[in-house]
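[1] could you look at this predicted model? Sequence included:
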Amino acid sequence: MEKIQNYLATQYPNAVVRFIGAGWDSYAFMIDNYIARFSKLKSSNYEFEKKVLDYIRDKVPVPTPRIEIVYDGPYVYSLHKSLPGAQWDPHDVLNTWDPKKRMNLIQDFADFLVALHAIDVHQMQASIPELEYFSYTPYPAEYLESIVHKYVTKSEFATFYQKYTQMCQNNRITVPVLLHRDYGGHNCLVDPHGHLCGVIDFNGVRIGQPDMDILRAADHGPFLDAVRKIYESKTGRKIDVERGYQDRFIEYVHAIVRLWESHNSMDMKEQSIKSFVDGTLKRL
C-alpha cells in the first residue's frame, strides 16, 4: 500500500494524495477530488466495470462513476471523479434520522433497484459477453475443505457442505435481472436530505435472482421491510426473503474460493479466508 501511495505522489506531484480505505479486493486513494482504486488481486476487473457503467448510465436514476482505466507499467488502476454525498448505516437511518429524511432514502433506494432490475439483461449480455450469470454450481467438497480446514472442524465442515449443496440444488434463476451484488450504505451516497445522489462499485455485477440484491441491500428489519414493499409494489414481484438469504450464503462461499484463487499474498489469503469463515460458515 505504501508503495502505491509513493507511486501516486510521484505521478501527481501537485495533488494531495491520501489513502481512504480498502475492501476485500482493492485499495482506494483520493487524488484531490478523484478516486483511484488498485486491485489486491492477481488481475483487476476494472475494464468490465467500465463497460457495465457505460451501458447502464442512462438507465438508472442517479449518477454513477465515469471510470477511466490507467495503464502505467506494472500499475493498472481505475480513476474517476469523486461523487458527492455521504455513506450511511441502516441502523443510523432507523434510529437517528428524522422521518422525512429516512423516507427519502428508502424511496430512492428502492427506486434505484427497480430501475437496475428493469434493464434487459439479454440485450446487455449481447453488448457485454463477459457478463455472467450467478452460479449455483457447488465446489467439490475436497477443494473447499482444503481451503477452510484450518478454521473449521470436520464436523462443522460436513454440516456446512450438506446445507451448501442443498441450497445450490434447490435454487435456480427464474427472474433474471442485473444484480449489483454489493448495494448498501457503503456503496450508496446520500445528500443532507437523505436523497440518493450516487451509487458506486459495480465490478461484481451478475445476472441473477432479484431476492439477492434486496437482502444484500437492506438486511436490517424495518429498513428491509420498507424497501421491499416499495420494490414489490412497483415491480409486481414478490421477494422471497429466505431465498435471498440462501443466495447470499452461496455467494459468500464462492467469495471464499475467489479470495483463495485471486490473492497474491499468502498472508492476505489467510486473513481474508478466516474473516469469511468466521462470518459465514460458523454462523450457519
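    Yes, it's here.

[2] now do the strands in the stretch 101-250 of the chain.
    With strands called from DSSP state E, counting those that start in this stretch, the stretch 101-250 of the chain shows them at 177-179, 188-190, 196-199, 206-208.

[3] tell me which of the ones you listed is the most buried.
    Among the strands of the stretch 101-250 of the chain, judged by mean count of other C-beta atoms under 10 Å, the one packed with the most neighbours on average is strand 177-179 (a mean of 25). Quick note: C-beta positions are derived from backbone N, CA and C, even for glycine.

[4] what is that one packed up against?
    helix 99-117, helix 121-127, strand 206-208, helix 210-217 (3 or more C-beta pairs under 8 Å, 6 or more residues apart in numbering; DSSP states H and E).

[5] could the ones you listed be laid out in a markdown table, adding mean pLDDT?
    Conversion of those to a markdown table gives the following (pLDDT from 0 to 100):
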| stretch | mean pLDDT |
| --- | --- |
| helix 99-117 | 97 |
| helix 121-127 | 98 |
| strand 206-208 | 97 |
| helix 210-217 | 83 |
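
[6] quick check: which of those is buried the most?
    helix 210-217 (a mean of 24).

[7] got the angle for that one vs helix 99-117?
    Taking axes from the mean of the first three to the mean of the last three C-alpha atoms, to 10 degrees, helix 210-217 and helix 99-117 form an angle of 140 degrees between their directions.

[8] is Ser78 in a helix, a strand, or coil?
    Per DSSP: H, G, I helix; E, B strand; the rest coil, the local secondary structure of Ser78 is strand.

[9] who's in contact with it?
    Applying C-beta atoms under 8 Å, 6 or more residues apart in numbering, we find Ser78 in contact with Ala36, Arg37, Ser44, Tyr46, Glu49, Lys50, Ile67, Glu68, Ile69, Val70.

[10] out of the residues you listed, which is most surrounded?
    Neighbour tally across the contacts of Ser78 (other C-beta atoms under 10 Å): the maximum, 26 neighbours, falls on Arg37.

[11] quick check, that one in a strand?
    Yes. According to three-state DSSP, the state of Arg37 is that of a strand.

[12] Tyr143: neighbouring residues, count only.
    Tyr143: 10 surrounding residues under other C-beta under 10 Å.

[13] and it, what does it touch?
    Taking C-beta under 8 Å, 6+ apart as the criterion, Tyr143 is in contact with Val257.

[14] and it, what pLDDT?
    The confidence metric pLDDT takes the value 95 at Tyr143.

[15] just the buried positions in the longest helix anywhere in the chain, please.
    In terms of residue count, the longest helix belonging to the chain (DSSP state H) is helix 241-262. Within helix 241-262, the residues that count as buried by 16 or more other C-beta atoms under 10 Å are 243-257, 259-260, 262.

[16] so what secondary structure elements neighbour it?
    Contact here means 3+ C-beta pairs under 8 Å, 6+ apart; on that basis helix 241-262 packs against helix 141-148, helix 154-170, helix 210-217, helix 266-279.

[17] now do 6 Å
    Contacts defined by 3 or more C-beta pairs under 6 Å, 6 or more residues apart in numbering; DSSP states H and E place helix 241-262 against helix 154-170, helix 210-217, helix 266-279.

[18] for Lys101, find the nearest of the ones you listed.
    Distances from Lys101 to each of these were compared by C-beta to C-beta, and the smallest falls on helix 210-217, at 18.3 Å.

[19] the closest one packs against which elements?
    strand 177-179, helix 241-262.

[20] can I get that helix in PDB, CA atoms only?
    Below are the C-alpha coordinates for helix 210-217, written out as PDB (Å, rounded to 0.1, in the frame of the first residue of the first chain):
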ATOM      1  CA  PRO A 210     -33.700 -10.100  -7.500                       C
ATOM      2  CA  ASP A 211     -34.100 -11.500  -4.000                       C
ATOM      3  CA  MET A 212     -30.300 -11.500  -3.600                       C
ATOM      4  CA  ASP A 213     -29.900  -7.700  -4.200                       C
ATOM      5  CA  ILE A 214     -32.800  -6.800  -1.900                       C
ATOM      6  CA  LEU A 215     -31.400  -8.900   1.000                       C
ATOM      7  CA  ARG A 216     -27.900  -7.700   0.400                       C
ATOM      8  CA  ALA A 217     -29.000  -4.100   0.200                       C
END
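
[21] any idea of the angle that helix forms with helix 241-262?
    Relative orientation of helix 210-217 and helix 241-262, computed by the same axes, to 10 degrees: 80 degrees.
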